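Novice: need a 3D model of the sequence below.
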Amino acid sequence: MNRPRLVLLLLAASAALAGAAVARSASPPPQQSRAPVSEGLPGISGTPQVGYVLHAHPGRWTGAAGFTYRWQRCNANGAHCTMAPARQHRLYATSTLKLTKSDVGHRMRLSVTARNRWGKRTAWSHVTAKIRKAGSPNTPGSGGSGGSGRPNPGTGFGSTSPGSGGSGGSGHVNLGTGQSVGFWLAWDSSMQESQIQWNALTQVDLFALETTNGTGLDTTSLGIDNMNVHGWVQMVHQHDRLALITIGGISDQNWHNACNDTNRSGFVSNLVNYMKANGFDGVDLDVEDGAWTGMLPPVAPWSACVQAIAKAAHATTTAADATPIVSTDVDQTWMAPYVGGFASYPDQFNLMGYQSNCDSSCMVQQIQAMQTKGKVSSLSRMTIGMDADQGDNGMTVTSEQCGVIAKYAADAGLGGVMLWTLQGDGPSHPCLDQIAPYVTPPQ
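Specialist: You can find the predicted model right below:
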């Protein structure tokens with residue numbers, strides 16, 4: 001072969017290879033192709049009453065080519081959701097569901113599975129209000145997703161279903177939006193329980209047990225031993241609100257001892273047994289142990305402790321035959337990376353970064369940090385906190401700010417708000433007055 005011909009052949013081959021490379025680059029590489037992504041929770045609209053029809057709304061998705069709908073029936077507390085055995089399966093695969101007598105007293109939930117050529121993903125709606133008998137009076141706010149009477153359009157934060165982030169989520173309780181969590185201080189007698197503004201609350205947490213250097217529970221340090229705890233829980237239940245027992249707080253520095261490899265199993269068993277024996281609906285974990293917060297996140301023993309408590313609680317039931325709620329209190333301004341080690345296990349995250357000077361853009365950044373660094377994908381698992389105790393210098397909010405924060409939580413699709421403390425707000429409850437319009441009381 002002569003040299004000029006060789007050069008021409010080489011040039012032609014090079015051009016062909018270059019053309020092939022260009023052709024290949026015109027198609028997206030495989031790693032850029034992905035299954036649909038949920039950007040807003042599915043919703044349910046319609047009247048929750050026998051004879052009426054519920055309508056499914058898929059929520060917001062990126063990359064969805066089609067949807068499949070599945071309906072579930074839950075108990076009165078929105079837990080233990082299963083396919084109703086009396087129904088034909090085909091009824092559950094449509095975007096509408098006609099309610100029957102067998103649904104009375106239950107709540108309905110919807111799953112939406114979005115699909116495309118690369119795969120599929122599923123997201124869950126909030127539960128509806130309790131299904132009423134035919135002919136029952138229609139009370140305000142009793143219809144639709146979580147009782148709002150309208151579909152939940154979701155938000156722009158990439159929400160997914162509670163518990164979808166890992167294996168610990170199988171027992172999650174879908175608490176929904178419109179929550180209001182208030183803390184009741186066991187040692188503070190400045191206000192009577194009869195003065196609580198119940199219409200502005202969905203949940204009351206009794207503060208607090210403490211851990212010990214062992215497997216036991218400290219009931220003396222924060223005044224719980226001076227209370228009739230079981231009677232207190234019954235009082236909360238008489239108002240149709242949830243009652244949780246909190247363990248921890250800034251003075252509790254024994255978490256690393258209670259949850260070491262030797263004590264963890266016994267400690268978790270004692271805590272869950274205390275919750276059950278006193279009729280609580282769940283347990284709230286306020287972990288502020290300096291031995292752990294001084295370590296770089298995520299902290300393995302902290303994560304193991306939360307996971308063990310959540311698994312043990314979710315494996316049992318409350319007196320109301322519901323799955324216990326496991327919540328945890330975190331300061332979202334710096335604790336988000338620590339949460340990443342156990343994000344899929346708690347049902348609820350109470351964000352206690354009480355900042356009176358935090359505006360909406362500030363709150364957006366903090367919530368995004370909980371999602372990216374804390375790996376808490378679902379907005380409805382987060383309640384944003386406010387401190388109404390005017391004795392806490394530098395952290396308190398005014399009653400007007402309580403309303404602003406509650407509105408932000410509602411508009412953003414968060415689970416709701418958390419108030420520290422009920423005694424701090426006082427018998428005239430100016431903060432709760434501002435929160436009340438954004439609360440969805442149990443039906």
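Novice: what's the helix or strand for the closest residue to Gln434 other than its chain neighbours?
Specialist: Residue nearest to Gln434 in three dimensions, not counting chain neighbours: Gly403, with 3.4 Å by CB to CB, 6 or more residues apart in numbering. Where C-beta positions appear, they are placed from N, C-alpha and C, glycine not excepted. Using DSSP states H and E, Gly403 falls within helix 399-412.
Novice: and if you look at Ile247?
Specialist: strand 242-248.
Novice: residues contacting the following helix or strand past that strand, please?
Specialist: Following strand 242-248 in sequence order, the next helix or strand is helix 255-258 (DSSP H and E). Identification of contacts with helix 255-258 by CB atoms under 8 Å, 6 or more residues apart in numbering yields 211-215, 248, 263-264, 267, 287, 289, 291-292, 301-302, 305.
Novice: now stretch 384-391
Specialist: 329, 350-354, 356, 363, 367, 395-397, 399, 401-402, 405, 408-409, 414, 416-421, 423-425, 430-431.
Novice: before we move on, what about stretch 350-368?
Specialist: For stretch 350-368, using CB under 8 Å, 6+ apart, the contacting residues are 157, 181, 284, 327-334, 370, 379, 382-387, 392, 395-398, 401, 405, 408, 412, 414, 418, 420.
Novice: now do the contacts for Lys375.
Specialist: With CB under 8 Å, 6+ apart, Lys375 has these contacts: 165, 339-340, 343-344.
Novice: the helix or strand following the helix holding Gly403 to helix 399-412, inter-axis angle?
Specialist: Counting by DSSP H and E, the element after helix 399-412 in chain order, helix or strand, is strand 416-420. Angle of strand 416-420 versus helix 399-412, following axes from the mean of the first three to the mean of the last three CA atoms, to 10 degrees, is 150 degrees.
Novice: quick one: strands adjacent to strand 416-420?
Specialist: Sheet pairing for strand 416-420, assigned by DSSP bridges, gives strand 179-185 (parallel), strand 382-387 (parallel).
Novice: quick check: Asn75 touching Arg107?
Specialist: Yes: counting by CB atoms under 8 Å, Asn75 does reach Arg107; the two are 7.5 Å apart.
Novice: of these two, who's got more company?
Specialist: Between Asn75 and Arg107, counted using other CB atoms under 10 Å, the more crowded position is Arg107 (26 against 18).
Novice: just the helices in the stretch 201-350 of the chain please.
Specialist: 229-238, 255-258, 264-277, 290-293, 300-314, 336-339 (DSSP state H, counting those that start in this stretch).
Novice: mean neighbour count added to those helices, as JSON lines?
Specialist: Converted to JSON lines, those look like this (neighbours: other CB atoms under 10 Å):
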{"stretch": "helix 229-238", "mean neighbour count": "16"}
{"stretch": "helix 255-258", "mean neighbour count": "22"}
{"stretch": "helix 264-277", "mean neighbour count": "18"}
{"stretch": "helix 290-293", "mean neighbour count": "15"}
{"stretch": "helix 300-314", "mean neighbour count": "21"}
{"stretch": "helix 336-339", "mean neighbour count": "22"}
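Novice: what residues go with each domain of this protein?
Specialist: The chain resolves into domains spanning 33-161, 167-438 when parsed by automatic domain parsing.
Novice: dump these into JSON lines; add mean pLDDT as well.
Specialist: Shown next, in JSON lines, are the domains of the chain (pLDDT from 0 to 100):
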{"stretch": "domain 33-161", "mean pLDDT": "71"}
{"stretch": "domain 167-438", "mean pLDDT": "92"}
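Novice: if we can go back for a sec, of all the strands paired with strand 416-420, which lies closest to Ala436?
Specialist: strand 179-185 (8.1 Å; CB to CB).
Novice: ok now the closest one, how far from the chain's centre?
Specialist: Chain-centre distance of strand 179-185: 15 Å, with CA atoms, centre = their mean, to the nearest Å.
Novice: may I have it as PDB, with CA atoms only?
Specialist: Extracted C-alpha coordinates of strand 179-185, given in PDB (Å, rounded to 0.1, in the frame of the first residue of the first chain):
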ATOM      1  CA  GLN A 179     -50.700  19.000  63.400                       C
ATOM      2  CA  SER A 180     -50.000  21.100  66.500                       C
ATOM      3  CA  VAL A 181     -47.800  19.600  69.100                       C
ATOM      4  CA  GLY A 182     -47.700  21.200  72.600                       C
ATOM      5  CA  PHE A 183     -45.300  20.300  75.400                       C
ATOM      6  CA  TRP A 184     -46.600  20.100  78.900                       C
ATOM      7  CA  LEU A 185     -44.000  20.500  81.700                       C
END
